[in-house]
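Asks: My questions are about this predicted structure, shown below with the sequence.
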Amino acid sequence: MREFQNGSLKTALLNRFKEEALRIFLIESQNQYESLSIARIQDQFKIEEPMIIRQVSRLIMKKQLNAKIENQSQTVIYEKPKPVDNKPGNASYENNDRQEMFHLQNLYLEKISNMVEANERCMDLLINQNYYI
């Protein structure tokens, strides 16, 4: 198609791919980096600075990105969640999906072990009743 060789459709599609790649990069990198330079992102993705700021702002507004933009140093600074007291019986956890999944996994394992113990007691009762009959 001629539009894809040098037309505006090719440019629009290429820009959309770059925007989505940037969005994925920003979301995935928040657990790895403390901050990112906007100039470095601009070099890496070949995107204009206003588009980067717009994309970061949009992700912050949608609460997909826990960060802020510092205008003086032109950086995106990721805000780490504050540590929370994880005492037994305390139901508050930080915004960490892995920790939440680990907690749920432990709850389910505990419930399963309780069910197995109850099943074994039932089996023992049935076996003992058959011996007395």
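Replies: Received the coordinates, thanks. Residues are numbered from 1 along each chain as shown.
Asks: Off-centre distance for the lengthiest helix in the chain?
Replies: Counting by DSSP state H, the longest helix found in the chain is helix 97-132. Helix 97-132 sits 32 Å away from the centroid of its parent chain (Cα atoms, centre = their mean, to the nearest Å).
Asks: cool, and stretch 122-133?
Replies: 51 Å.
Asks: The chain should start at 115 in everything you say after this.
Replies: Taking 115 as the first residue, the last one we looked at is stretch 236-247.
Asks: All the helices of the protein, in order from the start?
Replies: Counting by DSSP H, the helices of the chain are 116-120, 122-143, 152-159, 163-175, 211-246.
Asks: Let me see the contact set for residue 170.
Replies: 140, 179, 181, 183, 190 (Cβ atoms under 8 Å, 6 or more residues apart in numbering). Placement of C-beta: from N, CA and C, glycine included.
Asks: Now do it, the pLDDT please.
Replies: The model reports residue 170 with a pLDDT of 92.
Asks: ok, now the one 5 residues further on?
Replies: What the model reports for residue 175 is a pLDDT of 90.
Asks: What of the one 3 residues further on?
Replies: According to the per-residue confidence, residue 178 scores 87 in pLDDT.
Asks: Return the residues in contact with the closest residue to it other than its chain neighbours.
Replies: Excluding its sequence neighbours, the residue lying closest to residue 178 (Cβ to Cβ, 6 or more residues apart in numbering) is residue 141, at 5.9 Å. By Cβ under 8 Å, 6+ apart, residue 141 lies in contact with 173, 178, 179.
Asks: what about the first one, how many neighbours?
Replies: Burial measure for residue 173: 19 neighbouring residues, criterion other Cβ atoms under 10 Å.
Asks: can I see the domain layout of this structure?
Replies: As given by automatic domain parsing, the domain ranges for the chain are 116-192, 196-247.
Asks: which of those domains is buried the deepest?
Replies: Mean neighbour count (mean count of other Cβ atoms under 10 Å) peaks for domain 116-192 among those, with a mean of 14.
Asks: before we move on, back to that, what's the mean pLDDT across the longest helix of the chain?
Replies: For helix 211-246, mean pLDDT rounds to 81.
Asks: Thanks a lot, see you next time.
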